[in-house]
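Peer 1: based on what follows, work out the 3D shape:
(one chain, ligands or ions: 2)
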Amino acid sequence: MELTNCANCGAVFAKNVVDICPKCYREEEKAFEIVYKYLRQQKNRSAVLHEIAEDTGVEEDLIIKFLKQNRLRSANLPQLHYPCESCGKPITEKTLCSSCSSRIVSDWSTAKQEVEETKSESELGSSYYIDVKKNKN
Ligand SMILES: [Zn+2]
Ligand SMILES: [Zn+2]
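Peer 2: Residues are numbered from 1 along each chain as shown. Ligands and ions are numbered 1, 2, ... in the order given. Below you'll find the model as predicted:
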């Protein structure tokens with residue numbers, strides 16, 4: 001059995017598919033039910049994030065978490081935006097906006113290129129070191 005800390009309250013618990021302890025899990029599920037029921041009402045479909053948080057008493061962060069988990073279908077809730085994790089631009093699905101996700105993909109190729117460059121630089125460095133030694137002799 002592997003132990004881990006709850007991402008929410010820090011309590012130690014047996015590692016599971018979720019990153020929170022059973023106590024917080026139960027509370028989150030309760031909160032999810034509330035938000036879910038709230039959004040099932042036609043009149044609430046156009047509510048924005050802070051309105052939902054105010055009306056349900058559920059923290060905005062938690063509602064965002066549900067959206068990221070795709071448990072609340074944001075496609076049906078066009079008003080429900082939350083910030084992109086990288087640039088803060090309003091998005092309605094996943095954790096990043098399209099430009100950030102494509103940038104992150106290209107970040108990988110840049111990083112790989114940089115590592116290659118550092119490698120060849122350190123090769124140069126070692127040959128330079130050898131040269132210094134030679135000059136001393
Ligand atoms: Zn917890
Ligand atoms: Zn972004």
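Peer 1: which parts of the protein sit against ligand 1?
Peer 2: With Cβ under 5 Å from the ion as the criterion, the chain meets ligand 1 at residues 6, 8-9, 11, 21, 24. C-beta here means a position set from N, CA and C on the backbone, and glycine is covered the same way.
Peer 1: which residue ranges of the chain form strands?
Peer 2: Secondary structure of the chain, counting by DSSP state E: strands at 3-5, 12-14, 82-83, 90-91.
Peer 1: right, is the third one up against ligand 2?
Peer 2: Okay, so that is strand 82-83. No - Strand 82-83 does not reach ligand 2 (Cβ under 5 Å from the ion); its nearest approach is 8.2 Å.
Peer 1: could you spell out the sheet neighbours of that strand, each with its direction?
Peer 2: With DSSP bridges as the test, strand 82-83 is paired with strand 90-91 (antiparallel).
Peer 1: by mean pLDDT, which helix or strand of this structure comes out lowest?
Peer 2: Using mean pLDDT, DSSP states H and E, the weakest-scoring helix or strand in the chain turns out to be helix 98-136, at a mean of 76.
Peer 1: circling back: mind putting the strands of the chain into CSV with distance to residue 57 and mean pLDDT?
Peer 2: Converted to CSV, those look like this (distance: least, Cβ to Cβ, whole Å; pLDDT from 0 to 100):
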stretch, distance to residue 57, mean pLDDT
strand 3-5, 26, 92
strand 12-14, 25, 92
strand 82-83, 18, 87
strand 90-91, 23, 89
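Peer 1: just those: most buried one?
Peer 2: strand 82-83 (a mean of 18; mean count of other Cβ atoms under 10 Å).
Peer 1: so of the residues of the chain next to ligand 1, which ones are in helices?
Peer 2: When DSSP state H defines the helices, the subset of these inside them is residue 24.
Peer 1: where does the residue positioned nearest the centre of the chain fall, phi/psi-wise?
Peer 2: In the chain, the centroid-proximal residue (Cα atoms, centre = their mean) is residue 95; its distance is 5.5 Å. Here is the backbone geometry of residue 95 (degrees, to the nearest 10): phi -110, psi -10.
Peer 1: sounds good, over and out.
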